[in-house]
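Novice: Predicted coordinates and the sequence they were generated for:
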Amino acid sequence: MNMTKINAVLGEYVLPFLGICAWLIFSLWFASFLARLLYNALSRKVGPDTARVISKTVKYVLVVLFTLSLVRGAGVDVSAVLGAAGVAGVAIGFASQTSLSNLISGLFLLLERPFKVGDWIEVDGSFGFVHSVELLSSYIRTFDNRMVRIPNEMLAKSKLINHTHYPIRRLDLTIHVSCREDAARVMRLFREVVIANPLCFNEPEPMIVLQGFGDSSMEFLVAVWTERSELRTTRTSLLRDIKERFDQEGIALPYHRIRMAECDGMAVPEGSGKEVT
Amino acid sequence: MITDIGRSHGTCYTFRMNSLWGNHICEEGRDYTASVGCLRLTVRRIRQGWLVASRHTTDSAFESLREVPAVPEQTEWMRFITPEAAPKLHLTPILPDRSVVSQSEAHIEIAPKHSGLFYVTIPVWVQVRAGEISPVTLCEFPSQILSKTWFGHPSEEGEICYALTTRARQELAELTDIQGRVICPLTLDNMTSEPLVFGQLLLSVRHMSVYQTQDGRLWTNECRMGFAGRSLPASVTFGRTVPAVAQQARWVSGPREAPASGLSARVIANAIFRQPF
């Protein structure tokens, strides 16, 4: 192959190809750089979720614009390309309705802001902390450290419970006490235990209610307010305090006991089969 | 152990009440304990820093830092590695890390267009610092574990605070048995034509400094609250220097947080006054 042919190949194919590659690499780098700058600037003002979506949208728009400019630079009629893209867009839109629905749901979630990164939410039986909110789906990290991907459409359609929206939460404990005990005395003891526990708020006032009677027990509701981050600590601490106090005061917590009697060599439950003390 | 005496404007004070607050020289490998309210503080200087332990008891006491032959084996130490191996330990009285909701023990009413001066005492926190040239803060402990409470509506704006019941004493002579507590001179101005009930009051102690008089009493800046009506703005003003009733006091520790706009703020009355309905 002589030099003239090599030069012709270089000039006709290789150099334009290298130019296209360089342009694509630059455009991708520039779009990513600008998106990162935008994310850093916006994340403090509008929150990391919204900032991430905005920066990604800007990035993709930039990539499309750079690609169009490349096509135009190659001498292709952009209007024809756009027309073709429009037709293709309709076709793709029909084919990817779910993705579009997720995308639009994601935008609505960002506008509505029912939760933010770090919140403890419950959706469709999945519990966990919000890890990230992306364009099409959101990720939650479960308490046993698994990642759950939830399509944004499902988040928008399903019942969503945000357990950490408010800074304080009410903790409800249902406690059964033997019917033999004096209900008024039990309620007084509950109140004393709650007041002595520093994790339980004074205001809003704790609520102690005799809810009803079980098989052989009285059912009490002890509802106290506490800091949302201390919900579990408060539960443990309060149950421990109640148990200790009941032990001191000689108040029995009921439990099922089965008394067995021998009948023709076979052990069978006696009476109703259970005795509650 | 050697205890420094406090200095202010070149004047040396010998505190009559005790010498807990201030600087203490601790020898390496020796154990020292102090009592402030329900807090029992234990420290030991080690070669590379300090060991600090704390526990809370049900009884109240006030004892300066003193050497003890031994500490219980089950003491749960926190270890602090400090940049300098100086033997100097600073115990500083500071105010709680959250606002305090003060509720009057008795029913108090302020007549229309009238003011009342009350002395509200707040349990002190103990800040432990170590070092000579540039002391570092090791830890802080409350002298009394206060219950938490919520000031505001559960689903709207509010603040998690410490709950405090006050006798709202009005005479200095009535201020007895206040070791381990800081006195806050609080003036309530009732600018309305209706009586103002001292129900619950939000004290932003994070904006207050601590001063000490020669008799060992601890004081905060003066605080003045003006009530012009439930839905009208209330004024909260913090004094710039020592309170008028404790002119000889010296500055001990500064506010945790500077007030939002200078030393006074105007907030909606409901945000600081809560009256019984």
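Specialist: Everything's here; your move. Residues are numbered from 1 along each chain as shown, chains lettered A, B, ... in the order given.
Novice: When you work out contacts or count neighbours from here on, use the C-alpha atoms and nothing else.
Specialist: Noted.
Novice: What is the neighbour count of A:P206?
Specialist: The local packing of A:P206 (other Cα atoms under 10 Å in any protein chain shown) involves 21 other residues.
Novice: oh, I was asking about A:F213
Specialist: Other residues close to A:F213 by other Cα under 10 Å number 14.
Novice: who's the closest residue to it other than its chain neighbours bridged to?
Specialist: Leaving out its chain neighbours, the residue that sits closest to A:F213 by Cα to Cα, 6 or more residues apart in numbering or on different chains is A:E219, at 5.6 Å. Beta-bridge pairing for A:E219 (DSSP bridges): A:H176, A:G212.
Novice: separation between A:E219 and A:M187?
Specialist: According to Cα to Cα, to the nearest Å, A:E219 and A:M187 sit 11 Å apart.
Novice: Could you do B:Q247 as well?
Specialist: Using Cα to Cα, B:Q247 is found at 50 Å from A:M187.
Novice: ok, B:V182 to chain A distance?
Specialist: Separation of B:V182 from chain A (Cα to the nearest Cα, to the nearest Å): 21 Å.
Novice: ok, that residue - contacts?
Specialist: For B:V182, the contact set (Cα atoms under 8 Å, 6 or more residues apart in numbering or on different chains) comprises B:L95, B:T121, B:I122, B:P123, B:V124, B:V210, B:R217, B:L218, B:W219, B:T220.
Novice: rewinding a little: B:Q247 and A:M187: which is more packed in?
Specialist: Neighbour totals were compared for B:Q247 and A:M187, and A:M187 leads with 17 against 12 (other Cα under 10 Å).
Novice: surely the more buried one meets A:I208?
Specialist: Yes: using Cα atoms under 8 Å, A:M187 is in contact with A:I208, at 6.7 Å.
Novice: hmm, who's touching stretch B:183-191?
Specialist: Applying Cα under 8 Å, 6+ apart, the external contacts of stretch B:183-191 come out as B:110-122, B:196, B:217-229, B:243.
Novice: So which of those residues sit within strands?
Specialist: Per DSSP state E, strands hold the following members of the contacts of stretch B:183-191: B:110, B:114-122, B:196, B:218-220, B:223-227.
Novice: Now the buried members of these.
Specialist: Buried members of these, scored by 16 or more other Cα atoms under 10 Å in any protein chain shown, are B:110, B:115, B:117-122, B:196, B:218-220, B:223-227.
Novice: pLDDT below threshold where in chain B?
Specialist: Scanning chain B for pLDDT under 70 picks out the ranges B:1-18, B:156, B:259-277.
Novice: now the residue nearest in space to the middle of it: how far from B:S134?
Specialist: Chain B has B:L95 as the residue nearest its centroid, 3.2 Å off, counting by Cα atoms, centre = their mean. Note on B:L95: its distance to B:S134, by Cα to Cα, is 22 Å.
Novice: try A:V9
Specialist: 73 Å.
Novice: got the end-to-end distance for stretch A:197-211?
Specialist: 23 Å.
Novice: What residues sit buried inside it?
Specialist: By neighbour count on 16+ other Cα under 10 Å, the buried set for stretch A:197-211 is A:N197, A:P198, A:L199, A:C200, A:F201, A:N202, A:E203, A:P204, A:P206, A:I208, A:L210.
Novice: Surely the last one and A:F190 touch.
Specialist: Yep, that's A:L210 we're talking about. No: assessed by Cα under 8 Å, A:L210 is found out of contact with A:F190, at 11.3 Å.
Novice: Test for you: state the pLDDT assigned to the residue nearest to A:F213.
Specialist: Predicted confidence (pLDDT) for A:E219: 92.
Novice: what sits against it?
Specialist: A:E219 makes contact with A:T174, A:I175, A:H176, A:V177, A:L210, A:Q211, A:G212, A:F213, according to Cα under 8 Å, 6+ apart.
Novice: I'd like to know how far the fourth one sits from B:K113.
Specialist: I take that to be A:V177. 54 Å.
Novice: Please apply the same query to the third one.
Specialist: From A:H176 across to B:K113, the span is 54 Å (Cα to Cα).
Novice: Then the second one?
Specialist: Per Cα to Cα, A:I175 is found 51 Å from B:K113.
Novice: Any idea which helix or strand in chain A has the lowest mean pLDDT?
Specialist: strand A:275-276 (a mean of 42; mean pLDDT, DSSP states H and E).
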